[in-house]
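K.L.:
Curious how this folds, go ahead:
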Amino acid sequence: MKIKKQQRRKKYLHHLNRRRMNKNQSSTGAVLCKVMKDEWDHKKSTLRNLKEMGLANDPNKVLKISNFKQDQLKKAKKITKQESESEEEIEKKPKIPPKFDVVHKLEKEANAPRERKFMLPKGQVEFITYLLDKYRHDYKAMSRDKKNYYQETWKQLRAKVKTFMGIPKQYAEYLKSRGLIDKEEDEDELKRQAKALVVDDSE
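P.N.:
Predicted coordinates:
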């Protein structure tokens, strides 16, 4: 007796927008980098766009790790002169992509100086300022303080203080509140003065 195949009844899913789903699946995604966004062609695939800009989609294909077997084959071909001169010329002269200026723009943007946005949390700043007010730069005395709950060593505390002093905005605020620098100065001047007052205690 032949077993009757059961078929599930198809249901129309009203909550799904098929047009939007199709659009999301076919799209290459939003390009966040401004330099690439200006040169990006949405009619072309991501792979094609990157290739035209001289960028790699898969770094493993571009920066290949030398294979012993392949190296030996190349050496053997050179010895037997199976590799023609035209093939060697193609290898030596790679084609320059049409949108290669994107690479130069990206390199320039990456090398441009950026303002440090790293800030210490409020609790840590309060703890460091408390230690600085009480002990100045006596780190060994800091490590014996009753508020050093995590039993940090004097070197760990010194590193924390140095990090705090390396953030001009927070350190300038601390110096301004203690009356060590003028309150009327503008923010850039306060940062400059804070940098100048950083104590070098590398010993």
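K.L.:
Using CSV, write out every CA atom in the helix or strand where residue 47 lies.
P.N.:
In this assignment (DSSP states H and E), residue 47 forms part of helix 46-53. C-alpha atoms of helix 46-53 as CSV (Å, rounded to 0.1, in the frame of the first residue of the first chain):
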residue,chain,number,x,y,z
THR,A,46,30.1,44.9,-3.1
LEU,A,47,33.0,42.8,-4.6
ARG,A,48,33.0,44.8,-7.8
ASN,A,49,32.9,48.2,-6.0
LEU,A,50,35.8,47.2,-3.8
LYS,A,51,37.8,45.8,-6.7
GLU,A,52,37.4,49.1,-8.6
MET,A,53,38.6,51.1,-5.6
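K.L.:
name the helices or strands packed onto that helix?
P.N.:
Helices and strands touching helix 46-53, as assessed by 3 or more C-beta pairs under 8 Å, 6 or more residues apart in numbering; DSSP states H and E, comprise helix 34-39. All C-beta atoms are positioned from the backbone trio N, CA, C, and that covers glycine.
K.L.:
Next one: the residue nearest in space to the middle of the chain from residue 97, what distance?
P.N.:
Closest to where the C-alpha atoms of the chain average out (C-alpha atoms, centre = their mean) is residue 110, at 10.0 Å. To residue 97, residue 110 is 19 Å away according to C-beta to C-beta, to the nearest Å.
K.L.:
Past the helix or strand of the chain with the lowest mean pLDDT, which element shows up next along the chain?
P.N.:
With mean pLDDT, DSSP states H and E as the measure, the helix or strand of the chain carrying the lowest mean pLDDT is helix 85-92 (a mean of 52). Beyond helix 85-92 on the C-terminal side, the first helix or strand identified by DSSP H and E is helix 101-111.
K.L.:
next structured bit after that next one?
P.N.:
Elements were assigned by DSSP H and E; along the chain past helix 101-111, the next helix or strand is helix 122-135.
K.L.:
Report all helices and strands that that next one contacts.
P.N.:
helix 139-143, helix 154-165, helix 168-177.
K.L.:
Which stretch among the ones you listed approaches residue 64 most closely?
P.N.:
Ranking the helices and strands packed on helix 122-135 by their distance to residue 64 (criterion: C-beta to C-beta) puts helix 154-165 first, at 40.8 Å.
K.L.:
and residue 156, how many residues sit next to it?
P.N.:
Residues near residue 156, counting by other C-beta atoms under 10 Å, number 15.
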